[in-house]
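Asker: show me how the following folds:
(2 chains)
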Amino acid sequence: MLYRTAGQFKSSYVADQALFPVRQDAILLTIILIFGWVIFPMTASEFTFQTLLIPILIYALAAMGLNILTGFAGQLSLGTGAFMGVGAYACYKMVTLFPWMNPIIAILLSGVFSAGIGVVFGIPSLRIKGFYLAIATLAAQFFLVWLFEKWAWLYNYNASGAIQVPNLEMFGVFVSGPQAASVTEYYIVLFVVTLLTLLCINLTRGNLGRTWKATRDMDIAAELIGINLMKSKLTAFAVSSYVVGVAGALYVFMWKGAAEPNVFDIPLSFQVLFIAIIGGLGSIMGNYLGAILIVGLPVVLNVVAGTKVFEISAPSAILLVALIAAATFLFWVARNLWGVGAALGFGVVTLVYGYAQLQGFRIDSALIEHINVMIVGALIIFFLIIEPHGLNQLWRLIREKLIIWPFPH
Amino acid sequence: MKHFTKLATAVALGTVLGTAAIAQELYTPNLAYRTGPFAATGIPLMNGQADYMTLLNERDGGIGGARIDFEECETGYSTEKGVECYEKTKGQAIVTQPWSTGITLQVLPKTNVDQIPILAPGYGFSPMADGKVFQWAFNMPAGYWDAADMIVQYLESEGSLEGKKIAFLHLDHPFGKEPLPVMEMHAENKGFELLPIPVGLKEMQNQSAQWLQIRRERPDYVVMWGWGAMNAGAITEAVKTKYPMDQFVGVWWAGHDADLKLVGEDGKGYKSISWSFPNMDAPVMQEIKERVIDAGLSQTNEEEMQGVFYGRGLVMSMILAEAIKNAQENFDTAEIDATQLRWGLENINLTEERIAELGMEGMVPPFSTSCANHTGHSGGWMLEWDGTKFVKASDLLTANVEGYSDLIAEASAEYASSNAPWEMNEECSATN
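Answerer: Residues are numbered from 1 along each chain as shown, chains lettered A, B, ... in the order given. Below is the predicted model of the structure:
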């Protein structure tokens, strides 16, 4: 009913093969884009930019890079953090060696270096598969981080061994470094992420994407039907590392402002891998959903824990209740009982917490952090139990059910 | 729809946050780390800092009539959480206490834009001493370069260093590399051989390779720049390899009682330079015991309270409180802002009398700051582990700052030029 596709006839191949053949999908995407490009930048506070919007976009981009390799081409990689590092260090060297270079060009070019390194470390994938390949990429992870520590030329012989982003100008506006405004940084991140998302969607839909998927599903069969496995695997490594490298450059230049080598160590790789897995392997949108859950949720929970439940202003309360109701409804459509249970549980916890606050109950910051870790962990398990194929699959299910709603089948 | 919903929730929460209540107090948040891999060393420091402010609130009703809101924002020593905390608190904060070197590195370049002073007592970037360049950053009472200088002075007092070999065991991280320029300078001038031995973050707890190297090289001294789990790792490894403890000296962050209690008597003779000392006879300790700990307002305990780190936490908060008081007196207002606090931090004058008046005799050396000198260079004592606790093993040592003032000027000029446009304090006329 809400998502009725009846009556949307396609009368040409072009219309049938459009990016969004269903009209509602296109409308939804337009709304999201309006939010991303207009409403968020106009309303967000500095805190929202720096802790939610910018990091979610950057992590989503990194996960998308990994997803191309692991989700689409089926090559497991544990070296994402290091490839992000290659992008960041390449970008740092470029802007310090050639100060006249346009920062956006530098960021986009830095991916080329990580693509090259990615191809080199992708060569073992021609011989080994699965866990064995994961170990080979793990070697890249250790080697590259070691290189960032030991090769002083990379960080311009700084005494601290860290790279620090200089103030970069573009058309008289600071776009990077401490002088840059958050909204400028956000727009640059959004521009690059939108561009690369568009590229990735089309790549995965096209010839290259189909060869990747064939390689993933069964490499011998793919070879039999004439797919060049070497080309398929190495292009996957190249494209994936390119996107990951650009994400790494954005990570340092548009968000962190400074980075020491161990930032790119294995925890970062795992974080990106978790985003890709929870979002859904082999999907583009899943990366965003995963990043929202893994990067955004802890921040939101921290804010919620510090907010007095019964003291939030009326408009925000109404907005929140409406949003939660909408989410619950969608969840109910997809998963009947789970949806009701989740909504009830959420309401009870909120009311109990609000009541406890009225009684003078305060949690100190360290305890909030512990609870936060537990909640995020529990939610990850929860989502993986109800939908092992990730949040993207959950959304697809909701969409399918909405199309036939209110009928159950 | 779900995608949209989640993003919108984030924004809604952002607006909720923006309307959060504004405190009627002086807000001095602390980016604490009571969780994560460094929690063991963080907790006593955080407790000390918080307890001193609680004491002021309980005893005097705050400072100059304004209560201190010493809220903690938990970072777990992670840079990302640190930045999150910084963004969350900077709206109302009059000071930032960043704690980790990584967080300091990220916040430092923003200080000129946000105009909030950074207070990093005894840590951070050594060239922050140059107050003309680093207008908003303070690392009093002493920086890492002071520490390196004092350690070399102390070792020299045991006999000439000519031809000797000093191993420099350090965390392979900006923090551990920090004193290298001064150590190298001394190695050249005094004719000793410096042997830097890095310990990677992943090898902190298993340093057998490093100590094998030390055993092979047989250095006359081992100087350690360690933090967190690295210290306990190094000390237990030193005991295991029977390295003479009286030739083993650490920086002030490597002087944590709990690390040495692990080895007890075997650690006897281990030394650590320190600008603070837990003087249990000082009146302030008694007051804290009565008004804060016995009143149930603290998370600390009897044993922790006697440690070096708890005492250091008290001193840190005392320095901040002094700065607030200075600013309040100078600007004649209780509710000072960040810029006024900066003036307060630049005009600290802690004399022996003032320290006694605060009830902190022997807990911190006297020092003073100016707009050109943001470190104070208080000097410190060499503490020695006697098997159960740390005792003072030397008189007050003071760093010979002239020896490396060129290095400070060079490093700060380089920082300013690589962060151009970087605003400096041109009005400051003080020379030291």
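Asker: and the residue positioned nearest the centre of chain B, how far is that from residue A:335?
Answerer: Centroid-nearest residue in chain B, with C-alpha atoms, centre = their mean: residue B:122, separated by 3.2 Å. Noted for residue B:122: a distance of 54 Å to residue A:335, by C-beta to C-beta, to the nearest Å. Placement of C-beta: from N, CA and C, glycine included.
Asker: mind naming the longest helix for chain B?
Answerer: What stands out as the longest helix in chain B, according to DSSP state H, is helix B:308-331.
Asker: what pLDDT does the residue nearest to the centre of chain B get?
Answerer: pLDDT, residue B:122: 87.
Asker: next, it: phi, psi?
Answerer: phi 80, psi 10 (degrees, to the nearest 10).
Asker: please apply the same query to residue B:63.
Answerer: phi -120, psi 120.
Asker: for the one 5 residues further on, same thing?
Answerer: Recorded main-chain torsions at residue B:68 are phi -100, psi 120, according to degrees, to the nearest 10.
Asker: next up, the contacts around residue 383.
Answerer: No chain was given, so I picked chain A. Residue A:383 sits next to A:278, A:293, A:390, A:391, A:394 when contact means C-beta atoms under 8 Å, 6 or more residues apart in numbering or on different chains.
Asker: that was the other one, I meant chain B.
Answerer: Per C-beta under 8 Å, 6+ apart, neighbours of residue B:383: B:255, B:271, B:272, B:273, B:274, B:277, B:308, B:390, B:391, B:392, B:393.
Asker: and the first one, how many residues sit next to it?
Answerer: Using other C-beta atoms under 10 Å in any protein chain shown, the number of residues around residue B:255 comes to 26.
Asker: again, but for the one 10 residues further on
Answerer: Residue B:265 sits with 10 neighbouring residues when counted by other C-beta under 10 Å.
Asker: what of residue A:257?
Answerer: Residues near residue A:257, counting by other C-beta under 10 Å: 22.
Asker: for the longest helix of chain B, which helices and strands make contact with it?
Answerer: Taking 3 or more C-beta pairs under 8 Å, 6 or more residues apart in numbering or on different chains; DSSP states H and E as contact, the helices and strands that helix B:308-331 lies on are helix B:39-60, strand B:118-119, strand B:271-274, helix B:338-346.
Asker: give the buried residues for it.
Answerer: If you call a residue buried by 16 or more other C-beta atoms under 10 Å in any protein chain shown, then helix B:308-331 has these buried ones: B:308-328, B:331.
Asker: report the angle between that helix and helix B:338-346.
Answerer: Angle, helix B:308-331 to helix B:338-346, by axes from the mean of the first three to the mean of the last three C-alpha atoms, to 10 degrees: 120 degrees.
Asker: helix B:308-331 vs helix B:39-60, what angle?
Answerer: Going by the same axes, to 10 degrees, helix B:308-331 makes 40 degrees with helix B:39-60.
Asker: only alpha carbons, please: show helix B:308-331 as CSV.
Answerer: Extracted in CSV, the C-alpha atoms of helix B:308-331 (Å, rounded to 0.1, in the frame of the first residue of the first chain):
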residue,chain,number,x,y,z
VAL,B,308,52.2,9.0,44.0
PHE,B,309,49.6,9.3,41.3
TYR,B,310,46.7,10.2,43.6
GLY,B,311,48.9,13.0,45.1
ARG,B,312,49.8,14.1,41.6
GLY,B,313,46.1,14.4,40.8
LEU,B,314,45.6,16.7,43.8
VAL,B,315,48.5,18.9,42.6
MET,B,316,47.0,19.2,39.1
SER,B,317,43.7,20.4,40.4
MET,B,318,45.4,22.7,42.8
ILE,B,319,47.2,24.4,39.9
LEU,B,320,43.9,24.8,38.0
ALA,B,321,42.3,26.2,41.2
GLU,B,322,45.1,28.7,41.6
ALA,B,323,44.7,29.9,38.1
ILE,B,324,41.0,30.3,38.6
LYS,B,325,41.5,32.3,41.8
ASN,B,326,44.1,34.5,40.1
ALA,B,327,41.8,35.3,37.3
GLN,B,328,38.9,35.9,39.6
GLU,B,329,40.9,38.4,41.6
ASN,B,330,42.4,40.2,38.6
PHE,B,331,39.1,40.5,36.7
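Asker: avg pLDDT for it?
Answerer: 91.
Asker: stretch B:156-172 now?
Answerer: Averaging pLDDT along stretch B:156-172 yields 90.
Asker: restricting to C-alpha, output that stretch in CSV.
Answerer: Provided in CSV are the C-alpha atoms of stretch B:156-172 (Å, rounded to 0.1, in the frame of the first residue of the first chain):
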residue,chain,number,x,y,z
GLU,B,156,75.8,12.7,36.3
SER,B,157,75.8,13.3,40.0
GLU,B,158,76.7,9.7,40.4
GLY,B,159,79.8,10.1,38.4
SER,B,160,80.8,11.4,35.0
LEU,B,161,78.8,10.1,32.1
GLU,B,162,81.8,10.2,29.7
GLY,B,163,82.0,7.0,27.8
LYS,B,164,79.0,5.4,29.5
LYS,B,165,76.1,3.8,27.7
ILE,B,166,72.5,4.8,28.5
ALA,B,167,69.7,2.7,27.1
PHE,B,168,66.5,4.8,26.4
LEU,B,169,63.6,2.4,26.7
HIS,B,170,60.6,4.2,25.3
LEU,B,171,57.1,3.7,24.0
ASP,B,172,57.1,3.9,20.2
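Asker: residues of it that come out buried?
Answerer: Buried-residue list, stretch B:156-172, by 16+ other C-beta under 10 Å: B:161, B:164, B:166, B:167, B:168, B:169, B:170, B:171, B:172.
Asker: which of the contacts of residue B:383 sits closest to chain A?
Answerer: residue B:273 (20.5 Å; C-beta to the nearest C-beta).
Asker: for that closest one, what are its contacts?
Answerer: Here residue B:273 is in contact with B:147, B:150-151, B:154, B:249-252, B:255, B:380-383, B:397 (C-beta under 8 Å, 6+ apart).
Asker: now residue A:64. Nearest residue, chain neighbours left out?
Answerer: residue A:287 (4.4 Å; C-beta to C-beta, 6 or more residues apart in numbering or on different chains).
Asker: check which helix or strand covers the one you found.
Answerer: Using DSSP states H and E, residue A:287 falls within helix A:285-291.
Asker: give the other helices and strands that that helix contacts.
Answerer: Counting by 3+ C-beta pairs under 8 Å, 6+ apart, the packing neighbours recorded for helix A:285-291 are helix A:54-67, helix A:266-279, helix A:391-404, helix B:2-18.
Asker: which one of those is the most hemmed in?
Answerer: A comparison of these by mean neighbour count, using mean count of other C-beta atoms under 10 Å in any protein chain shown, puts helix A:54-67 on top with a mean of 28.
Asker: residues in contact with the helix holding residue A:287?
Answerer: Against helix A:285-291 from outside (C-beta under 8 Å, 6+ apart): A:56-57, A:59-61, A:63-64, A:67, A:274-280, A:390-393, A:395, B:2-3, B:6.
Asker: what residues are up against the nearest residue to residue B:311 once chain neighbours are set aside?
Answerer: Spatially, and ignoring its direct neighbours in sequence, residue B:311 is nearest to residue B:278 (3.3 Å; C-beta to C-beta, 6+ apart). For residue B:278, the residues meeting the contact criterion (C-beta under 8 Å, 6+ apart) are B:285, B:306, B:307, B:308, B:310, B:311, B:312, B:363, B:390.
Asker: ditto for residue B:404
Answerer: B:145, B:149, B:181, B:182, B:185.
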